[in-house]
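> give me the fold of what follows.
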Amino acid sequence: MTGTWKVSLPCTRAEARILSEDQLFISSSDSTPTIVASEIDPKHPDAWIIDVYCQAEPDPELIDNLLQLSPSAAKSGVQPIVEMLQDEDWVTLSQQGLEPLRAGRFHVHTSSDEPSDNPRLASICIDAGQAFGTGHHETTMGCLQSLDRLKRTGHRFRNIADVGTGTGLLAFAAHHLWQSAKIIASDIDPVAVTVTGENARRNAIALGNGHGHIRLVQSNGLDHPALKQRAPYDLIIANILAGPLVALAPQIAGASRAGTVLILAGLLTGQKAEVVRAYVREGFRLRYAQVDNEWPCLTLIKTRKYGWIRKAHRTKSPLASDYFGEC
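As a prediction, the model looks like this:
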């Protein structure tokens, strides 16, 4: 039966983060579900709910995936609630519960809310949709706060890569902070690339190759020729999962130079040591770790020269050691 369907299941905060990674929902349906995780009650920070919006009736495989990825619900015997929505704006419905948030100098909101009237804040409009990254997860919050911290300390970047961009939020934040920089944003998911383009237009951010523009590419890691051509970068952002972060360490190191700053997120506290080891082997050093609940956001610096045989661009930007101290 076609139409718009909603599947709801209570879960913990940690499960919500995993469940909101929509690539985990491999089902027989032809449409990609829209997944929204939200807190039920601020007084109970571990009480969350996941809502999955589908363009067709959810199949048993999707329901089974939900239950397997939410052991707390399975343990308590809670079953997903499946309902068909009436002819309403289901995208608007999916935004309900996503309150505007403040992270550093950023005000992140959906199209259902107004931008901030505070001139000191940069408003970014991101709707929940078929890509991860509305800013409401600790990983994205940590990245936004880390970017803001770099700006507050006077650091400047001219060549930036956002690997696994999702909705484009972090690329947009970097654009607000360093408006003359060349930024390239990539994702393995073509839907995410499309969504990022739509969000860029919604936020009046120019797409293209020049300074002050963001270029979008679909890429598995940094395999795309455009990503290789622009290297080395002086700032790389990667808010993905721990496994891909470890696997991408050699590629990211190859796209770096001495002084490159790296922001990594999407890992759990228990995965931090493994991720840090992978990048230490590639010549990085951990300089700052911000932890929100069990979600670390790591800031590292490249201390040795690796990578493609290509002369680094000379810029007037301060070395990362000016910010982080001597390596």
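
> contacting residues for residue 81?
7-9 (C-beta atoms under 8 Å, 6 or more residues apart in numbering). C-beta: built from backbone N, CA, C; applies to glycine.

> and stretch 247-262, how far out from the chain middle?
Computed by C-alpha atoms, centre = their mean, to the nearest Å, the chain-centroid distance of stretch 247-262 equals 18 Å.

> mind putting the contacts of residue 81 into TSV with neighbour count and secondary structure?
Shown next, in TSV, are the contacts of residue 81 (neighbours: other C-beta atoms under 10 Å; DSSP: H, G, I helix; E, B strand; the rest coil):
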residue	neighbour count	secondary structure
7	20	strand
8	14	strand
9	25	strand
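
> of those residues, closest to residue 223?
residue 7 (34.2 Å; C-beta to C-beta).

> quick check: the closest one touching residue 58?
Yes. With contact defined as C-beta atoms under 8 Å, residue 7 counts as touching residue 58 (5.3 Å).

> need the residues touching each of those two.
52, 82.

> surely residue 52 and residue 62 touch.
Yes. Counting by C-beta under 8 Å, residue 62 is a contact partner of residue 52 at 7.3 Å.

> looking at those two, which has the bigger crowd around it?
residue 52 (26 against 21; other C-beta atoms under 10 Å).

> element containing the more buried one, please.
strand 48-56 (DSSP states H and E).

> and that strand, what's buried?
48-54, 56 (16 or more other C-beta atoms under 10 Å).

> and it, C-alpha only, in PDB?
Provided in PDB are the C-alpha atoms of strand 48-56 (Å, rounded to 0.1, in the frame of the first residue of the first chain):
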ATOM      1  CA  TRP A  48      14.600   9.100  23.100                       C
ATOM      2  CA  ILE A  49      12.400   8.100  20.300                       C
ATOM      3  CA  ILE A  50      13.100   7.300  16.700                       C
ATOM      4  CA  ASP A  51      10.600   8.200  14.000                       C
ATOM      5  CA  VAL A  52      11.000   6.700  10.500                       C
ATOM      6  CA  TYR A  53       9.000   8.200   7.600                       C
ATOM      7  CA  CYS A  54       8.500   6.000   4.500                       C
ATOM      8  CA  GLN A  55       6.900   6.600   1.100                       C
ATOM      9  CA  ALA A  56       5.600   3.000   1.200                       C
END
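
> distance from it to the middle of the chain?
For strand 48-56, the distance to the chain centre is 20 Å (C-alpha atoms, centre = their mean).

> for it, the averaged confidence score.
For strand 48-56, mean pLDDT is 79.

> next one: stretch 101-120
pLDDT averaged over stretch 101-120 gives 82.

> and for stretch 67-75?
82.

> ok so, going back, and the strand holding residue 52, what does it pack against?
Packing partners of strand 48-56 (3 or more C-beta pairs under 8 Å, 6 or more residues apart in numbering; DSSP states H and E): strand 2-11, helix 13-19, strand 34-39, helix 60-69, helix 90-95.

> ok, residue 226 to residue 239 distance?
Going from residue 226 to residue 239 by C-beta to C-beta, to the nearest Å gives 20 Å.

> more neighbours, the two?
Taking neighbours as other C-beta under 10 Å, residue 226 and residue 239 compare with residue 239 leading, 26 against 14.

> which ones are touching the closest residue to the more buried one other than its chain neighbours?
Leaving aside its chain neighbours, residue 239 sits nearest to residue 265 (4.3 Å; criterion: C-beta to C-beta, 6 or more residues apart in numbering). The contact partners of residue 265, by C-beta under 8 Å, 6+ apart, come to 139-140, 142-143, 238-239, 295-298.

> give me that answer again for 7 Å
139, 142-143, 239, 297 (C-beta atoms under 7 Å, 6 or more residues apart in numbering).

> now, those that are in strands?
239, 297 (DSSP state E).

> most surrounded residue in the contacts of residue 265?
Counting neighbours by other C-beta under 10 Å, the top entry in the contacts of residue 265 is residue 143, with 29 neighbours.

> residue contacts, that residue?
170, 237, 239, 263, 265, 297.

> the residue nearest to residue 222 when sequence neighbours are not counted and residue 227, how far apart?
Nearest residue to residue 222 in three dimensions, chain neighbours excluded: residue 251, at 4.5 Å (C-beta to C-beta, 6+ apart). According to C-beta to C-beta, residue 251 and residue 227 sit 9 Å apart.

> work out for me the element residue 211 sits within.
Per DSSP H and E, there is no helix or strand for residue 211.

> quick check, it in contact with residue 183.
No. Judged on C-beta atoms under 7 Å, residue 211 makes no contact with residue 183 at a distance of 9.4 Å.

> the two: who's more crowded?
Using other C-beta under 10 Å as the criterion, residue 211 and residue 183 rank with residue 183 on top: 29 against 13.
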